[in-house]
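K.L.:
pasted the sequence and its predicted model underneath.
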Amino acid sequence: MSAAVDAGPARAGTAGPRRERALRVWGPTAVSLWAAHLAVVLLVPDAAGARTAPAAPLVGAVALLLAGLVVWLAAALARPASSAARALVRRLPWFALCGAWFIVWQLTTVKTNLLRPPYFAAPEVLIAALVEDWGLLLKCLASSGLLFLTGYAIGSATGFLTGFYMGWSRRGDYWLHPVLQTVGPVPAAALLPLAVLVVPTTYLSAASIVAFGAWFPMATMTRAGVRAVPRSFIDVARTLGADESFLVRRIAIPSALPDMLTGLFTGLGTSLAALMTAELVGVDQGLAWYINWVKGWADYPKMYVGLTVLVLFCRALMLLLFKIRSSLLAWQRDLVRW
């Protein structure tokens, strides 16, 4: 027991020097790579016939990033045990990798024309495309966000109710579980023609497809979580006089919450896939519609910008779900390694 207790301070004592070594190795590496990228942009001439754009926005963005990185690194080296130093140590390898990637990207496109237009473009060309179409991109992002949140919320709520009823009631499980096993695995995109025929408007048909993508994982995981509640918990609560409402609110739902959140995470991916299909087929706005539209005009820089915005949108949704899970399952932090 004493050895285990002493191991904690020992690890804490060695963490500081390791963190400082990582800062001194990865910090200059990341700064040097981003400085080298800035030098490539400013000093290496553009290749003949390359698709170019004003480099000032790119230079300003990289210079701002470089200045922020230097200040952050200096603060971390001054106080290696601070939270800022810990956060920087985790991110420095990614800063270095991104710096190297931008150097290769710059050299292979506008500087040497190794990757030729129109299919490939330099970073400054993508920035110019973003500036040109930012208004339309913002509208498309808002449209995709509203459509996704509407369908995802409806599908998750319906999946929770369906899954809980199947997990809590034997009669409900008898009638609904075969339906879940039959209809649930069907890809949401395959039901889009049926949704267009049944649902009165195109927008609602797209929302219903997104909702279906979230419904199946949520219903499956909620059912599994409720059925996994230890029977002894329910028997003890009933012995102490708990009614049905108390059993549901205080025992079944909290016990099944980790499985429900797994259903939310799984439903996020399937709902996003359904969203992209719905926008490509039945909706005249949104990020997937924008990407397909500019691709039809062979405007590949704008297509890459749309893809980048889509990736950031998906990442933001994932980070939001992680925050919700951390808040709802705070009691698991010392028990489960996330």
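P.N.:
In hand now; what should we look at?
K.L.:
show me where this structure has helices.
P.N.:
2-43, 56-78, 83-106, 123-168, 170-183, 192-198, 202-227, 231-239, 244-246, 253-281, 287-296, 300-328 (DSSP state H).
K.L.:
quick one: low-confidence parts of the stretch 151-300 of the chain?
P.N.:
282 (pLDDT under 70).
K.L.:
mind running it again at 80?
P.N.:
Filtered on pLDDT under 80, the stretch 151-300 of the chain yields the residue ranges 281-284.
K.L.:
I251: how many residues sit nearby?
P.N.:
For I251, the neighbour count with other C-beta atoms under 10 Å is 19. All C-beta spots, glycine's among them, are computed from the backbone N, C-alpha and C.
K.L.:
my guess is it contacts V229, does it?
P.N.:
Yes - assessed by C-beta atoms under 8 Å, I251 is found in contact with V229 at 6.5 Å.
K.L.:
okay, now the domains of the chain?
P.N.:
Per automatic domain parsing, the domain ranges recorded for the chain read 13-119, 125-332.
K.L.:
highest mean neighbour count out of those domains?
P.N.:
Greatest average neighbour count among these goes to domain 125-332 (a mean of 18), per mean count of other C-beta atoms under 10 Å.
K.L.:
centre of the chain to that one, how far?
P.N.:
On the basis of C-alpha atoms, centre = their mean, to the nearest Å, domain 125-332 sits 13 Å off its chain's mean C-alpha point.
K.L.:
so what's L66 up against?
P.N.:
Neighbour list for L66: V31, W34, A35, L38 [criterion: C-beta atoms under 8 Å, 6 or more residues apart in numbering].
K.L.:
on the pLDDT front, check Y119 for me.
P.N.:
Per-residue pLDDT puts Y119 at 90.
K.L.:
wait, it sits on Y300?
P.N.:
Yes - counting by C-beta under 8 Å, Y119 does reach Y300; the two are 5.6 Å apart.
K.L.:
how near is W94 to A67?
P.N.:
18 Å (C-beta to C-beta, to the nearest Å).
K.L.:
quick revisit: out of the contacts of L66, which is nearest to R90?
P.N.:
V31 (16.8 Å; C-beta to C-beta).
K.L.:
would you check that that closest one makes contact with W72?
P.N.:
No - the pair V31 / W72 is not scored as a contact, 10.2 Å apart, by C-beta under 8 Å.
K.L.:
distance check, the closest residue to A53 other than its chain neighbours against L38.
P.N.:
Computed as C-beta to C-beta, 6 or more residues apart in numbering, the closest residue to A53 that is not its neighbour in sequence is A128, at 3.9 Å. To L38, A128 is 18 Å away according to C-beta to C-beta.
K.L.:
kindly report the same for A224.
P.N.:
53 Å.
K.L.:
then P254?
P.N.:
53 Å.
K.L.:
then W215?
P.N.:
49 Å.
K.L.:
need the contact list for L310.
P.N.:
S144, L287, A288, I291.
K.L.:
what does stretch 243-258 rub up against?
P.N.:
164, 167-168, 222, 225-226, 228-230, 233-234, 237-238, 242, 328-329, 332.
K.L.:
can you do 6 Å?
P.N.:
G225, V226, V229, F233, I234, A237 (C-beta atoms under 6 Å, 6 or more residues apart in numbering).
K.L.:
will you turn those into CSV that also has distance to A48?
P.N.:
Listed next are the contacts of stretch 243-258 as CSV, based on distance: C-beta to C-beta, whole Å:
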residue, distance to A48
G225, 63
V226, 67
V229, 70
F233, 75
I234, 77
A237, 79
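K.L.:
from those residues, which is closest to S83?
P.N.:
Once C-beta to C-beta is applied, the member of those that ends up nearest S83 is G225, at 34.5 Å.
K.L.:
my read: the closest one touches T262, true?
P.N.:
No - between G225 and T262 there is no contact under C-beta atoms under 6 Å: 8.3 Å.
K.L.:
that older thread, could you dump the helices of the chain to CSV with distance to L115?
P.N.:
Shown next, in CSV, are these (distance: least, C-beta to C-beta, whole Å):
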stretch, distance to L115
helix 2-43, 15
helix 56-78, 17
helix 83-106, 9
helix 123-168, 12
helix 170-183, 45
helix 192-198, 36
helix 202-227, 35
helix 231-239, 61
helix 244-246, 63
helix 253-281, 26
helix 287-296, 18
helix 300-328, 11
